[in-house]
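K.L.:
sequence unknown, structure follows:
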């Protein structure tokens, strides 16, 4: 048998073995899913997460990973995406290899805002905001910074989304992450009475509110 013929035989044998292995793996996965449920994503710590240290974008990239395990073995409250941990801090140190649970994470609360933050005719108003994770990327607490408040709404079927700045350069007094998966972020802002009424009306009508950090 020539060298080329032997190479073709070995290649064919390798392909057959690969096909058999894929078939065995597929049957094994089907049996596992039938017995323990379908595979679901869970967040796992690949490095120790110190207690009290907020999880920023860098920590989420280097210290967290996503794995898929059978549904029966998913712990209650397990996070399903690393983004759910952004802005939160472990209540106790979480060792590497552990599942990340919502109950393990707390929201760092800044000191209570000084009354001067809401003086000069301003008043605090709390609204639900979208995309607030972006405010925590820098690593430090965003409270006390100035933000622009953008309100957007759907312009109609087949049309784009319209957005406008409802308040510019307002002080962010507090930012709270969701207490549980599926809930939204909330922000407390120091605004004028007219701005407060406009934001409350926008939230009541289902419009999306976002905060843009000022440079």
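P.N.:
Done, it's in. Please read all numbers here as calculations on a predicted model, not as lab measurements.
K.L.:
On the three-state scheme, the residue positioned nearest the centre of the chain is what?
P.N.:
In the chain, the residue lying closest to the centroid (CA atoms, centre = their mean) is residue 83, at 2.4 Å. At residue 83 the chain is in helix, as set by DSSP: H, G, I helix; E, B strand; the rest coil.
K.L.:
Next up, the contacts around the closest residue to it other than its chain neighbours.
P.N.:
Distance criterion CB to CB, 6 or more residues apart in numbering; nearest residue to residue 83, sequence neighbours excluded, is residue 133 at 6.3 Å. (Each C-beta comes from the backbone N, C-alpha and C, glycine too.) Residue 133 makes contacts with 83, 86-87, 185, as judged by CB atoms under 8 Å, 6 or more residues apart in numbering.
K.L.:
repeat for residue 192
P.N.:
121-123.
K.L.:
Going by neighbour count, list what's buried in the helix or strand containing residue 41.
P.N.:
Using DSSP states H and E, residue 41 sits in strand 39-45. By neighbour count on 16 or more other CB atoms under 10 Å, the buried set for strand 39-45 is 39, 42-45.
K.L.:
Sketch out the helices for this protein, chain order is fine.
P.N.:
Along the chain, the segments classed as helices by DSSP state H run 3-36, 57-63, 193-204.
K.L.:
Which of those helices comes out lowest on mean pLDDT?
P.N.:
In terms of average pLDDT, helix 3-36 trails the rest of the helices of the chain, at a mean of 67.
K.L.:
Could you find the closest non-adjacent residue to residue 122?
P.N.:
Per CB to CB, 6+ apart, closest to residue 122 is residue 190, 4.5 Å.
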